[in-house]
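**Student:** could you look at this predicted model? Sequence included:
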Amino acid sequence: MWSRDLPSEASSVTVIKDASDRYFASFVVEVNPVLLPDNGRSIGIDLGITDFATFDTGEKIKSPKPLKRRLKKLRKAQRKLSCTNKGSKRRERARKRVAKVHAKIYDVRKDFLHKLSTRIIRENQTIVLEDLAVSNMVKNRKLSRAISDLGWRSFRTMLEAKSAMYGRDFRVISRWEPTSQRCSCCGEIGGKKELLVREWTCLFCDAIHDRDINAAVNIEVAGGLPETINGRGGSRKTTTKVAASCEASTISLVKQLSLFH
């Protein structure tokens, strides 16, 4: 029973068997991608560990963290595998159990990344992401497992491929851009902040920022999009949280200036 028809006649098919004894049929077909209409929307995305992605609109996306949720089950299966004799039938059964857990982790992560990337591509014309040195970040022994569980690199690859397929504009800003340090209201840089600091107050304009939302706004602006006085561009509207923060900071700055008159 086919869940959907093939877009065209297959020129070849390859049957693949994975480590958990699952079979997959891979078809080679010719596809003419249909470009999505330009909706004029843009989005800045800040990737993180606590929240997988934070949008400049203020929306935060939680990660399913498949490895973390199945770590106990995986360890139990691996312990049983280590207690078996090489070449025995019991070892082969234990190996399949470990492979099935790994396959489930992979499937959950891939499904999440595909659905999120597809949604972003459909809703936005311009997507701006920060270039992360994942290979260097995983060297941190305290964060390596959590970072590997997220799949940042796969997410970027999916966004890049789908942008090219559907006619979207995908941009990546430099990893050295101080997106977490710069105030999205006044543009001043307030210095490096520890990972534990999730909210901070700008020393120059007194604006109160959520660390991830502020970074996402700065990522969008650093992507070369037109900027307004509120740090936003085009036809996009400033989110309520960012607007209130900037408005409060402007009032505070006016009060400070009035003291000198």
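**Tutor:** That came through, no problem.

**Student:** what ranges does the protein have for its helices?
**Tutor:** 66-69, 71-82, 89-123, 134-137, 144-150, 152-166, 211-222, 240-258 (DSSP state H).

**Student:** show me how far stretch 100-116 is from its chain's centre.
**Tutor:** Distance of stretch 100-116 from the chain centroid (C-alpha atoms, centre = their mean, to the nearest Å) equals 15 Å.

**Student:** and that stretch, what's buried?
**Tutor:** Neighbour counts over stretch 100-116 (16 or more other C-beta atoms under 10 Å) mark Lys100, Val101, His102, Ala103, Lys104, Ile105, Val108, Arg109, Phe112, Leu113, Leu116 as buried. C-beta coordinates here come from the backbone N, C-alpha and C atoms, glycine included.

**Student:** before we move on, the earlier item: tell me the most buried of the helices of the chain?
**Tutor:** Mean neighbours per residue, mean count of other C-beta atoms under 10 Å, is largest over these for helix 211-222, with a mean of 26.

**Student:** quick revisit: out of the helices of the chain, nearest to Thr54?
**Tutor:** helix 211-222 (3.8 Å; C-beta to C-beta).

**Student:** quick check: which of the helices of the chain is nearest to Cys185?
**Tutor:** Here helix 240-258 is closest among the helices of the chain (C-beta to C-beta), at 4.1 Å.

**Student:** quick one, phi psi at the residue lying closest to Arg175 once chain neighbours are set aside?
**Tutor:** Of all residues not flanking Arg175 in the chain, Asp131 sits nearest, at 4.5 Å (C-beta to C-beta, 6 or more residues apart in numbering). Phi and psi for Asp131, reported as degrees, to the nearest 10, are phi -80, psi 110.

**Student:** just the CA coordinates of stretch 67-87, formatted as PDB?
**Tutor:** Below are the C-alpha coordinates for stretch 67-87, written out as PDB (Å, rounded to 0.1, in the frame of the first residue of the first chain):
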ATOM      1  CA  LEU A  67      19.200  10.300  23.000                       C
ATOM      2  CA  LYS A  68      18.700  11.800  26.500                       C
ATOM      3  CA  ARG A  69      15.200  10.200  26.800                       C
ATOM      4  CA  ARG A  70      16.500   6.700  25.700                       C
ATOM      5  CA  LEU A  71      19.900   6.800  27.300                       C
ATOM      6  CA  LYS A  72      18.900   4.300  30.100                       C
ATOM      7  CA  LYS A  73      17.400   1.900  27.700                       C
ATOM      8  CA  LEU A  74      20.500   2.100  25.400                       C
ATOM      9  CA  ARG A  75      22.900   1.600  28.300                       C
ATOM     10  CA  LYS A  76      20.900  -1.500  29.500                       C
ATOM     11  CA  ALA A  77      21.000  -3.000  26.000                       C
ATOM     12  CA  GLN A  78      24.700  -2.300  25.600                       C
ATOM     13  CA  ARG A  79      25.500  -3.900  29.000                       C
ATOM     14  CA  LYS A  80      23.600  -7.100  27.900                       C
ATOM     15  CA  LEU A  81      25.500  -7.100  24.600                       C
ATOM     16  CA  SER A  82      28.900  -6.900  26.400                       C
ATOM     17  CA  CYS A  83      28.000  -9.900  28.500                       C
ATOM     18  CA  THR A  84      27.500 -12.200  25.500                       C
ATOM     19  CA  ASN A  85      30.000 -14.400  23.700                       C
ATOM     20  CA  LYS A  86      31.200 -13.400  20.200                       C
ATOM     21  CA  GLY A  87      29.500 -15.400  17.500                       C
END
